[in-house]
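Colleague: Pasting a predicted model and its sequence here:
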Amino acid sequence: QVQTVESGGGLVQAGGSLRLSCAASGRTVSIYRMGWFRQAPGKEREWVSTIFWSGGSSYYADSVKGRFTISRDNAKNTVYLQMNSLKPEDTAVYYCAACTSSERAGWDYWGQGTQVTVSS
């Protein structure tokens, strides 16, 4: 089992920055990749970014490419999401997820989420 806990959300003005953190605990040696998702009010959860635990390859949704940066600290079992040039449409609950297998595309463990609100 892996547990993930997000932090760092808050209220920020458009154009501002926030850094989200996701601390993983439990059987972290089994982590294959971690990702960030978000869900805005009345909308479905959408994928934001993924980072592979070994090697650090990262991928981004087009909507955040060039503005968000995902990174990891393997020693701390923590993944970060640096969010710059925030827009009101980035307002959502942000979730961290972990996958422990290279053989499936889905995600095994989810955090409780952290609220990000961007005011115009």
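Modeller: Perfect, thanks for sending it. Here the structure is a predicted model, which means the values were calculated and not measured.
Colleague: The residue nearest to the spatial centre of the chain: what's its closest spatial neighbour, skipping adjacent residues?
Modeller: The residue lying closest to the centre of the chain (Cα atoms, centre = their mean) is residue 36, at 2.4 Å. Closest residue in space to residue 36, ignoring its immediate chain neighbours: residue 48 at 4.3 Å, by Cβ to Cβ, 6 or more residues apart in numbering. Just so you know, the C-beta spots here come from the backbone N, C-alpha and C atoms, and that holds for glycine as well.
Colleague: how far away is the one you found from residue 2?
Modeller: Per Cβ to Cβ, to the nearest Å, residue 48 is found 19 Å from residue 2.
Colleague: so what's residue 77 up against?
Modeller: 23-25, 28, 31 (Cβ atoms under 8 Å, 6 or more residues apart in numbering).
Colleague: quick one: which of the residues you listed is most hemmed in?
Modeller: The most neighbours of any of these, using other Cβ atoms under 10 Å, belong to residue 31, which has 24 neighbours.
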